[in-house]
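Trainee: coordinates for the following, if possible.
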Amino acid sequence: MRIRDISLPAWKKITMKKILIATFALLTALVMGLGATAIAVSPARNPVSEEVEASIKEGESALEKNDSAPVEKSVESITAIGDSVMLGAAGALQDEIDGITVDAKESRQVRAAKEIAADMKKNGTLGDTVIIALGTNGTFNQATGQALLDEIGHDRHIYWVLTYGKDLSWMQDVNATINDLAENNSNVRLIDWPAAATANPDWLYGDGIHLKPTGQKGYAKMIRDAVL
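Mentor: I've put the predicted structure just below:
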C-alpha cells in the first residue's frame, strides 16, 4: 500500500516557520522581562539575621577574651554549656556571675554535650554547678539526656534552661523531655526561660529565639538568680 504524502505545502512551511520564530522571540522576551523584574524586587538580606549574627560574634569574642584570662577555680565553680542563645548572652553571663565558664556554640545539639562534659571533667574545669541550655536546635530522647546527666555526675548541681522559640515547632517535645529528666534526677532543677521570654517579647529578635542586648542581660540575670 502506498503511503500518502502528508507533508505541508511550501508556503505553509514558510508560514509555520515564521510563527515558531515569532513565538520563540516572544517567550524569550517574557522570560527576560520576568527575570529583570525578579531582580528588581529581590529583597536585601534580612537585617534581623545580620543582627543575630553580630550578636553571636560578640558572644564568641567574649568567650575568646575570657579564655585568655588566667583561671582561678573558686570553691563553688559554675560551668554553662549551651547553644547560640547562650552564646549571644556569654558576655552578660560573665558580667553577672564571677568566674563562670561558658562553653556555647551555634547549632549545638544535646548529644554533643556529653563529650564536652567528659573533657571538662578530665581537665578539671567542670564546675560544681552546671547550667545546660540546649534543645533549641532539635529534639532528643530521654536516653541522650540521661547520658549527659550521668556524665556530669549526680554529685553536681545541674540547672537545665527550658527551651523557647516563638515559632519553634519542637519546643513542647523538648521541654517535656527536660521535665521528665528533672523528675528522674534529684540534682536537676529547671530554669523557666519560656515564662521570662513570653513576658518580655521585646528581649528577642524577629526570629523569636535569639537575644537582643536587653534580652542578653535579662537572660543572664534570670540564670544568676536561679543558681546563686
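
Trainee: I'd like to know how many residues surround Q109.
Mentor: 16 (other Cβ atoms under 10 Å). For the C-beta atoms, the positions are set from N, CA and C on the backbone; glycine is no exception.

Trainee: contact partners for it?
Mentor: Q109 is in contact with 134, 137-138, 140, counting by Cβ atoms under 8 Å, 6 or more residues apart in numbering.

Trainee: and V52, by the same measure?
Mentor: 88, 205, 207, 210.

Trainee: ok, the residues you listed vs A195, which is closest?
Mentor: H210 (18.0 Å; Cβ to Cβ).

Trainee: give the contact list for D192.
Mentor: Residues near D192 by Cβ under 8 Å, 6+ apart: L162.

Trainee: how near is the residue lying closest to K166 once chain neighbours are set aside to A195?
Mentor: Closest residue in space to K166, ignoring its immediate chain neighbours: G208 at 2.6 Å, by Cβ to Cβ, 6 or more residues apart in numbering. According to Cβ to Cβ, to the nearest Å, G208 and A195 sit 15 Å apart.

Trainee: quick one, strands of this structure?
Mentor: 78-82, 101-104, 129-133, 157-161, 188-191 (DSSP state E).

Trainee: out of those strands, nearest to K114?
Mentor: strand 78-82 (10.0 Å).

Trainee: packing partners for the closest one?
Mentor: With contacts taken as 3 or more Cβ pairs under 8 Å, 6 or more residues apart in numbering; DSSP states H and E, strand 78-82 sits against strand 101-104, helix 113-123, strand 129-133.

Trainee: just the CA trace of that strand, in PDB.
Mentor: Extracted in PDB, the C-alpha atoms of strand 78-82 (Å, rounded to 0.1, in the frame of the first residue of the first chain):
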ATOM      1  CA  ILE A  78      29.900  27.300  87.700                       C
ATOM      2  CA  THR A  79      30.000  25.900  84.200                       C
ATOM      3  CA  ALA A  80      27.500  26.700  81.500                       C
ATOM      4  CA  ILE A  81      27.100  24.600  78.300                       C
ATOM      5  CA  GLY A  82      24.800  25.900  75.600                       C
END
